[in-house]
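Visitor: this is the structure alone, sequence omitted:
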């Protein structure tokens with residue numbers, strides 16, 4: 001087999017139309033650096049998140065505040081999502097992403113300091129910085145998609161989301177060693193995971209800053225120009241950016257954001273409160289780590305397959321599948337406090353989110369031209385984070401008043417709403433949804 005015919009990344013031939021713009025080794029390096037950065041970020045996030053609800057309840061003295069740090073984090077993510085999109089468009093993807101990881105580093109260090117000094121306000125400020133960091137890191141999947149032709153974007157988005165598998169495995173496993181190291185050092189035990197999280201974020205920032213070259217923003221514009229020329233048969237000027245109102249007036253861009261928002265909201269409501277639910281039912285931190293690991297494996301472990309399914313079956317059908325899996329997870333979560341059933345429910349919760357997230361991200365990416373990607377994707381992330389922030393804020397309050405049963409019932413209602421909305425787009429607005437419901 002000649003070298004030009006050998007399968008490249010994601011099983012595509014190396015001689016596709018974009019090889020004149022970006023060589024395959026360069027494309028692999030960019031994708032690999034984004035994969036590494038997301039892997040490190042995911043591990044760092046899960047490492048610090050695993051005990052967050054317990055720490056918040058302890059520092060504040062109230063179970064109802066257990067979800068507040070997650071809410072603050074998501075609100076900060078929402079507030080910074082659009083500015084981050086502007087920064088990525090203005091200064092490039094490399095500088096924007098690496099700066100975001102450094103913000104997370106400062107957030108982790110502040111979290112450790114707050115735990116050591118018993119400061120709940122400091123802990124909330126730490127959560128805000130970590131949320132700002134996530135506003136940047138969440139753009140990595142779109143950045144990776146920019147260096148591939150449109151036919152491959154769902155699969156590369158799935159690949160970058162799959163990077164969270166590293167965090168799903170490594171993050172929970174690092175909790176106990178980090179706690180032990182903190183105890184050996186003579187500081188508050190729960191500060192250890194935050195210090196370890198900061199170290200991982202520092203490494204991620206260095207990887208992105210050194211390896212994300214050339215900037216994917218420039219590559220994306222050239223690929224879009226080639227694809228437009230292929231469709232029109234002649235060179236075409238770069239499509240102008242539309243106002244956000246015009247973009248999200250369309251059914252498909254709006255559905256993409258709604259799918260990601262509701263998926264994130266349902267996942268947040270149940271995920272945030274699970275550790276507190278388990279500790280109230282006499283599970284130890286080791287059991288909690290195992291359940292969180294099962295959940296994050298559901299979130300990330302099958303993302304490569306999800307990306308393939310999205311490309312094969314279509315964006316809209318996979319959003320429908322995600323809403324159904326979320327429904328099942330919400331039904332299972334309150335049935336028993338047995339470790340195995342909790343792990344299964346949380347795994348399915350993560351998998352339902354994964355279907356909605358990868359399909360929604362691919363659907364939104366399909367609807368945008370290069371000039372509007374940073375802003376529009378940032379605005380989409382803002383909407384997603386606002387919805388998830390409301391879910392995080394309500395989780396502790398709902399749990400305090402009605403337990404895990406009430407939280408699961410609320411998640412059930414939102415999952416059903418997503419199913420109805422997506423079904424309406426797929427059936428009532430069939431002509432509009434045809435392209436999204438069809439395979440690549």
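Guide: Received, thanks. What you are looking at is a predicted structure, and each value in this text was computed from that prediction instead of being measured. Residues are numbered from 1 along each chain as shown.

Visitor: C-alpha from now on. contacts and neighbour counts both.
Guide: Will do.

Visitor: ok, residue 88 - contacts?
Guide: Residues touching residue 88, when contacts are defined by Cα atoms under 8 Å, 6 or more residues apart in numbering, comprise 95-97, 374.

Visitor: which element is residue 299 on?
Guide: Residue 299 is part of helix 285-300 when elements are defined by DSSP states H and E.

Visitor: what average pLDDT does that helix get?
Guide: Averaging the model's pLDDT scores along helix 285-300 yields 84.

Visitor: buried ones in that helix?
Guide: By neighbour count on 16 or more other Cα atoms under 10 Å, the buried set for helix 285-300 is 285, 287-300.

Visitor: what do you get for stretch 247-262?
Guide: 247-248, 252-262.

Visitor: check those residues and tell me the two furthest apart.
Guide: Checking those against each other with Cα to Cα, the farthest-apart pair comes out as 247 and 262, at 19.7 Å.

Visitor: ok so, going back, out of the contacts of residue 88, who's nearest residue 308?
Guide: Taking Cα to Cα as the measure, residue 374 is the one of those closest to residue 308, at 24.7 Å.

Visitor: what sits against residue 318?
Guide: Remark: with contacts taken as Cα under 8 Å, 6+ apart, residue 318 is in contact with 309-310, 355-356, 359.

Visitor: narrow the residues you listed to those in strands?
Guide: The members of the contacts of residue 318 all map outside strands under DSSP state E.

Visitor: any chance of a markdown table for the residues you listed, columns neighbour count?
Guide: Formatted as a markdown table, the entries for the contacts of residue 318 read as follows, by neighbours: other Cα atoms under 10 Å:
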| residue | neighbour count |
| --- | --- |
| 309 | 21 |
| 310 | 30 |
| 355 | 32 |
| 356 | 34 |
| 359 | 32 |
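
Visitor: so which of these comes closest to residue 40?
Guide: residue 355 (22.2 Å).

Visitor: relative to residue 101, how far out is the closest one?
Guide: Computed as Cα to Cα, to the nearest Å, the residue 355 to residue 101 distance reads 26 Å.

Visitor: equivalent analysis for residue 406, please.
Guide: The separation that residue 406 has from residue 101, given Cα to Cα, amounts to 36 Å.

Visitor: tell me the phi and psi of residue 92?
Guide: Its backbone dihedrals place residue 92 at phi 100, psi 160, with angles given as degrees, to the nearest 10.

Visitor: that one touches residue 214, doesn't it?
Guide: No - distance between residue 92 and residue 214: 10.0 Å, which falls outside the contact criterion (Cα atoms under 8 Å).

Visitor: in strands, which of the buried residues of stretch 247-262 appear?
Guide: Nothing among those maps onto strands, per DSSP E.

Visitor: and stretch 410-420, average pLDDT?
Guide: Over the span of stretch 410-420, the pLDDT mean works out to 95.

Visitor: tell me the buried residues in it?
Guide: Along stretch 410-420, these residues count as buried under the neighbour rule (16+ other Cα under 10 Å): 410-412, 414-415, 418-419.

Visitor: filter these down to just the ones in helices.
Guide: For those, the ones inside helices are 410-412, 414-415, 418-419, with DSSP state H as the criterion.

Visitor: mind listing what's buried in stretch 24-35?
Guide: Of all the residues in stretch 24-35, those buried under the rule 16+ other Cα under 10 Å are 24, 27, 30-35.

Visitor: quick one: the closest residue to residue 260 other than its chain neighbours and residue 215, what's the gap?
Guide: Leaving aside its chain neighbours, residue 260 sits nearest to residue 357 (5.0 Å; criterion: Cα to Cα, 6 or more residues apart in numbering). Per Cα to Cα, residue 357 is found 25 Å from residue 215.

Visitor: before we move on, the earlier item: possible to save the contacts of residue 318 as TSV with pLDDT?
Guide: TSV is the format used below for the contacts of residue 318 (pLDDT from 0 to 100):
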residue	pLDDT
309	94
310	92
355	96
356	96
359	94
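
Visitor: and the furthest pair within those residues?
Guide: Farthest apart among those - using Cα to Cα - are 309 and 356, which lie 12.0 Å from each other.
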